[in-house]
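**Q** This is a predicted model, with the sequence first.
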Amino acid sequence: ERRRLDMRLVPTRRGDRRAVSVTVRSYGPLRLAARQLSRRAPWSVRVLPAFPSRRHLPAKLSRLRELTGQHVALIRGQGTEFDSLREYVDGDDVRSIDWRATARRSDVVVRTWRPERDRRIYLVLDTDRTAAGRVGDIPRLDCSMDAALLLGALASRAGDRVDLLAYDRQVRARVEGSTRTNLLPAMVRAMAPLEPELIEADAAGMVSTLLARVRQRCLVVLLTDLNAAAMEEGLLPLLPQLTAKHLVMVAAVSDPRVSEMAAARGDASAVYDAAAAERARADRSRVTAELRKYGVEVVDAPPEEIAPALADAYLSLKAAGRL
């Protein structure tokens, strides 16, 4: 005979889930004895990464429409593209006045600008040992994936080209050349099987890979941890090579538990914990200051805020005409 059994699977972790075997047990009429047979089941299910920051996308797209001139607010930034001419109104920047057009008319005329399109955004996921650390109940790598998905969705709507690279000591995943409609599916498929590798990252290899694959100037967004030892021995000495050709942004997930420990004063143990937490925060601030000396934009936020904070930083660069 043939029977069909429907089963609902609720995943608790992203990645590929493979079946080992299917076992059939057939009982006798009195249910005192049974025969059992197992067969291999060559199927798998891919659980895609969670995208909880999707709820922030409408608000970020609304701000993006203001920057691109689809709303009445038009923002002028250095290096942005000329859009059109219109009459001067109170509050306009006098530097936007087009004196030649004004001379031809009886009214003062200003230029309107729109952010540049078709720029390239290169997202780099750090998959080394620091990505395995858990922030709350979520691995740091999963928080970085969520932020990358929100930024990728926003940048593609803005008309920019978005690529993805996952790297530790070798390339773990890559998404390049995807269209706007295929970008998010390609990113989630590439990120779903990724797991942190318990090894030190090869910063030199990552920088050389980026410089070899990206010839024109772009925004490089490195999603990693502001670990003082890893940064000082790895990325910091190589930053001049990267910042000479590209605009670099570092996005890191901070641990809210560290702030809680720093505020604790209950007993001697809590005081020692607070001192250790303050030392960790001081190291993190020192690394942030070192990165900014090289012109690197730094976004450091807790898990629930890292995705919208990274999107806001991208929009600010777009509004300022720095992309």
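**A** Perfect, I can see it now. Residues are numbered from 1 along each chain as shown.

**Q** where does the chain have its least confident helix or strand?
**A** Between all helices and strands in the chain, the lowest mean by mean pLDDT, DSSP states H and E belongs to strand 81-87, at a mean of 63.

**Q** so how far is whatever helix or strand comes next after it off the chain centroid?
**A** Sequence-wise, the next helix or strand downstream of strand 81-87 (DSSP states H and E) is helix 99-104. For helix 99-104, the separation from the chain centroid amounts to 45 Å (computed by CA atoms, centre = their mean, to the nearest Å).

**Q** Residue ranges in the protein under the pLDDT threshold?
**A** Of all residues in the chain, those with pLDDT under 70 make up the ranges 68-84, 86, 91-94, 112-117.

**Q** Find the residue at the geometric middle of it.
**A** In the chain, the C-alpha nearest the mean C-alpha coordinate belongs to residue 148, at 2.4 Å (CA atoms, centre = their mean).

**Q** Roughly how far does it sit from residue 164?
**A** Separation of residue 148 from residue 164 (CB to CB, to the nearest Å) stands at 7 Å. C-betas here are computed from N, CA, C, even on glycine.

**Q** How about residue 183?
**A** When CB to CB is the yardstick, residue 183 and residue 164 sit 9 Å from each other.

**Q** same deal with residue 261?
**A** 34 Å.

**Q** Neighbour count: the two, which is higher?
**A** More neighbours surround residue 164 than the other of residue 261 and residue 164, with 24 against 19 (other CB atoms under 10 Å).

**Q** Excluding covalently adjacent residues, which one is nearest to the more buried one?
**A** Once its chain neighbours are removed from consideration, residue 164 has its nearest residue in residue 175; the separation is 4.0 Å (CB to CB, 6 or more residues apart in numbering).

**Q** helices and strands around the helix or strand harbouring residue 205, which ones?
**A** Residue 205 is part of helix 203-213 when elements are defined by DSSP H and E. Helix 203-213 sits against strand 120-126, strand 161-167, helix 239-243, with contacts defined as 3 or more CB pairs under 8 Å, 6 or more residues apart in numbering; DSSP states H and E.

**Q** returning to what we had before: need the residues touching each of residue 183 and residue 164.
**A** Here residue 183 and residue 164 have 152, 175 as joint contacts, going by CB atoms under 8 Å, 6 or more residues apart in numbering.

**Q** I'd like the helices and strands packed on helix 203-213 as JSON lines, with distance to residue 307 appended.
**A** As requested, the helices and strands packed on helix 203-213 are arranged in JSON lines below (distance: least, CB to CB, whole Å):
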{"stretch": "strand 120-126", "distance to residue 307": "12"}
{"stretch": "strand 161-167", "distance to residue 307": "15"}
{"stretch": "helix 239-243", "distance to residue 307": "24"}
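
**Q** gap between the residue nearest to residue 164 and residue 152?
**A** Here the criterion is CB to CB. By it, residue 175 lies 9 Å from residue 152.

**Q** Common neighbours of the two, please.
**A** Shared contacts of residue 175 and residue 152, defined by CB under 8 Å, 6+ apart, comprise 164, 183, 187.

**Q** Report the contact partners of the second one.
**A** If I follow you right, that is residue 183. When contacts are counted by CB under 8 Å, 6+ apart, residue 183 touches 152-153, 156, 162, 175.
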